[in-house]
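Novice: Need coordinates for the below:
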Amino acid sequence: AELKSLGQSFRDSATASKQMIHFKCSHETPIPAADCVQSLVGDRNLENLIIATQDAHLKGGLLKSEGIVPVLFVTPFGIQLEPPSKHQKNKFLVMEKGSLKVPEHERAAVGLAQRGQARSQPTKRKEKGANPLSCKKRKTESPVPIHSALENCDVEVKHKRKRQRYKKKLDKAEGFESQEASG
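Specialist: Below is the predicted model of the structure:
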């Protein structure tokens, strides 16, 4: 409603805001947008909102709040993120220290709560052999050849005769005559 009341110069902003997600506020009477955003964020920013604003009053109020609120603003060099305040940096450190500690119920489950307990040694890996797929296969002993088996026998073996091929020889006279007939 506030964008529409600002006039024609903010018409593009009003149409772009229709495409975004809207949070409903519980204010019965209209209040300024900065105060409405401040009340939506609240003290702890439970909705994990990221605020983009050029309003210095709103920026200051969000950085002083107890919750961690990222604030974006536009400069001639582009969109930038406001650096966190000292209060927010301290809160980050507290959260980081809390996340590094192991809770007591997990210590008891793992057994770290009892001191003096020796750590188990990691098991050594077994030495592995060569890859069987990359090795050549062993040659199997071939059965006894027929010729050596037949040498011990008294039976005569007839060898199969090979076929002899004869080349056809042409007489010079016949070749000469055949060339004349064709030419």
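Novice: any idea which element the closest residue to Leu3 other than its chain neighbours lies in?
Specialist: If you skip the residues right next to it in sequence, Leu3 has Ala14 as its closest partner in space, 4.1 Å away by Cβ to Cβ, 6 or more residues apart in numbering. For every residue, glycine as well, the C-beta is placed using N, CA and C. Ala14 belongs to helix 11-17 when elements are defined using DSSP states H and E.
Novice: Would you mind listing the buried residues in the following helix or strand past that helix?
Specialist: Proceeding N to C from helix 11-17, the next assigned helix or strand is helix 33-41, under DSSP H and E. When neighbours are counted by 16 or more other Cβ atoms under 10 Å, the buried residues of helix 33-41 are found to be Ala34, Cys36, Val37, Gln38, Val41.
Novice: Looking at these, which one is closest to Gln19?
Specialist: Proximity to Gln19 was ranked across the buried residues of helix 33-41 by Cβ to Cβ; first place goes to Val37, at 18.4 Å.
Novice: OK, contacts around the closest one?
Specialist: With contacts taken as Cβ atoms under 8 Å, 6 or more residues apart in numbering, Val37 has the following neighbours: Ile51, Thr53, Leu58.
Novice: ok so, going back, okay, among the buried residues of helix 33-41, which ones form the most distant pair?
Specialist: Using Cβ to Cβ, the pair of the buried residues of helix 33-41 lying farthest apart is Ala34 and Val41, separated by 10.9 Å.
Novice: Val74 falls within a strand, correct?
Specialist: Yes: looking at Val74 with DSSP: H, G, I helix; E, B strand; the rest coil, it is inside a strand.
Novice: Retrieve the pLDDT associated with it.
Specialist: In the prediction, the pLDDT value recorded for Val74 is 88.
Novice: Could you report the neighbour count for the residue lying closest to it once chain neighbours are set aside?
Specialist: Counting by Cβ to Cβ, 6+ apart, the nearest residue to Val74 once its immediate chain neighbours are dropped is Gln54, at 6.5 Å. Taking other Cβ atoms under 10 Å as the neighbour definition, Gln54 ends up with a count of 10.
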